[in-house]
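Colleague: Quick one, structure for this:
(one chain, ligands or ions: 1)
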Amino acid sequence: MLLRQFTRAPNNMNLIRRIATNAILKNQTVTTNIDYNQLVLVDVNDKNGYATVTLNRPPVNSFNLELMMALSRALDQVERNNSRGMILTSIIPNIFSTGFDIRELYQADERRLREFWSVLQDCWFKLYGSTYPTAASINGHNPAAGCFFALCCEYRAMVRNSKLGISGARLGISIPLPMIYTMRSVISTRQTELALTTGTLFTSDDALKVGLIDDIATDRSDAFAKCEAFLDRFKDIPPVSRGYTKRSVRQKDMEEIAANRQRDTDEFVRAVLNPEAQSSFAAFLGK
Ligand SMILES: CC/C=C\C/C=C\C/C=C\C/C=C/C(=O)SCCNC(=O)CCNC(=O)[C@H](O)C(C)(C)COP(=O)(O)OP(=O)(O)OC[C@H]1O[C@@H](n2cnc3c(N)ncnc32)[C@H](O)[C@@H]1OP(=O)(O)O
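Modeller: From the prediction side, this is the model:
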């Protein structure tokens with residue numbers, strides 16, 4: 001196997017304590033006894049220097065606060081290691097992610113919800129604003145938040161017979177700004193508006209047609225190979241100027257989100273605690 005695991009933090013408990021202390025200082029929820037290194041795996045290919053970031057929260061990679069925090073830390077790791085590129089994928093055979101963990105949203109504690117959204121915003125800044133090349137190897141269904149993270153990447157290959165999109169509209173939910181900006185950076189404003197206001201989940205063929213994905217893959221290893229081939233396109237491009245150009249293209253979106261973080265968080269909390277949304281979550285969970 002070409003892949004090797006990044007060196008683990010020397011003392012994991014110290015790291016967890018530091019997060020907990022920061023959380024206490026910031027009056028946030030404290031999550032302890034979580035092995036973040038296991039929730040999101042970070043591996044680097046010694047030959048080409050590409051990092052693979054693998055979501056690892058079976059059975060369906062739904063995002064709770066801990067998975068979001070683990071992704072945030074994994075993205076820090078990729079940045080620190082000066083990777084030549086990054087591939088985002090999932091360990092589950094036919095699912096990339098099922099989006100937010102509904103149990104995180106149902107009867108949510110407001111403080112934890114605010115932290116959840118704040119960490120999602122951090123992930124967005126780190127991934128959307130990364131200077132290294134990024135690709136998503138979408139090995140299965142990818143509705144909602146997982147689709148959002150895949151769209152933050154510069155390239156997407158998705159296996160056939162999967163669905164992808166952001167379906168919040170069907171649940172009576174208005175879509176937050178980071179999600180709108182991210183989709184609009186991939187497809188036209190017109191198509192973004194249509195996709196988000198209808199809550200469309202696209203088949204692989206339709207996603208390709210509209211431009212939400214770049215390639216259809218036969219299976220997960222084909223999707224991964226296609227992502228590597230995309231990253232190879234930058235092999236001979238000087239990385240610093242490349243990264244600077246990418247940041248410049250995305251700069252305006254990032255400045256706007258940075259200026260509106262608080263409002264964006266308030267909107268999210270309002271949307272989740274809305275009684276209609278809470279009824280949808282209750283129905284989903286069979287309550
Ligand atoms: C709704 C958001 C509200 C407010 C936010 C405001 C703004 C943000 C707007 C949009 C951003 C994004 C929002 C989200 O991410 S919300 C989550 C939306 N996700 C879904 O609706 C996906 C639901 N899941 C599925 O459709 C299927 O699971 C899927 C087709 C992906 C796979 O099907 P499969 O048959 O393979 O598996 P299942 O049997 O369905 O699932 C296995 C097991 O896992 C449980 N499950 C699935 N998804 C979730 C989830 N998102 N949260 C919690 N639990 C989940 C499922 O119930 C099964 O459990 P069990 O029956 O106990 O085995």
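Colleague: Please work out which residue of the protein is closest to the ligand.
Modeller: Gly99 (2.4 Å; Cβ to the nearest ligand atom). To be clear about C-beta, it is placed using only N, CA and C from the backbone, and glycine gets the same treatment.
Colleague: That residue contacts Ala145, doesn't it?
Modeller: Yes: here Gly99 reaches Ala145: they are 4.1 Å apart, a contact under Cβ atoms under 8 Å.
Colleague: Near the ligand, which residues of the stretch 51-200 of the chain are found?
Modeller: Where the stretch 51-200 of the chain comes near the ligand, counting by Cβ under 6 Å from any ligand atom, the residues are 59-60, 62, 95, 98-103, 105, 141, 143-145, 166, 168, 171, 173, 175-176, 179.
Colleague: still on that earlier bit, residues near the nearest residue to the residue of the chain closest to the ligand once chain neighbours are set aside, how many?
Modeller: Spatial nearest neighbour of Gly99, chain neighbours left out: Ala144 (2.8 Å); criterion: Cβ to Cβ, 6 or more residues apart in numbering. Neighbourhood size, Ala144 [other Cβ atoms under 10 Å]: 22.
Colleague: Ramachandran angles for Ala144?
Modeller: When read as degrees, to the nearest 10, the backbone of Ala144 gives phi 60, psi -130.
Colleague: one step back: show me just the buried residues among the residues of the stretch 51-200 of the chain next to the ligand.
Modeller: 60, 62, 95, 98-102, 105, 141, 143-145, 166, 168, 171, 173, 175-176, 179 (16 or more other Cβ atoms under 10 Å).
Colleague: Show me those that map onto helices.
Modeller: Of these, the ones assigned to helices by DSSP state H are 102, 105, 145, 179.
Colleague: how near is the residue of the chain closest to the ligand to Glu79?
Modeller: Gly99 sits 25 Å away from Glu79, going by Cβ to Cβ, to the nearest Å.
Colleague: do Asn274 as well
Modeller: Counting by Cβ to Cβ, the gap from Asn274 to Glu79 is 36 Å.
Colleague: same thing with Val42?
Modeller: Distance, Val42 to Glu79, by Cβ to Cβ: 11 Å.
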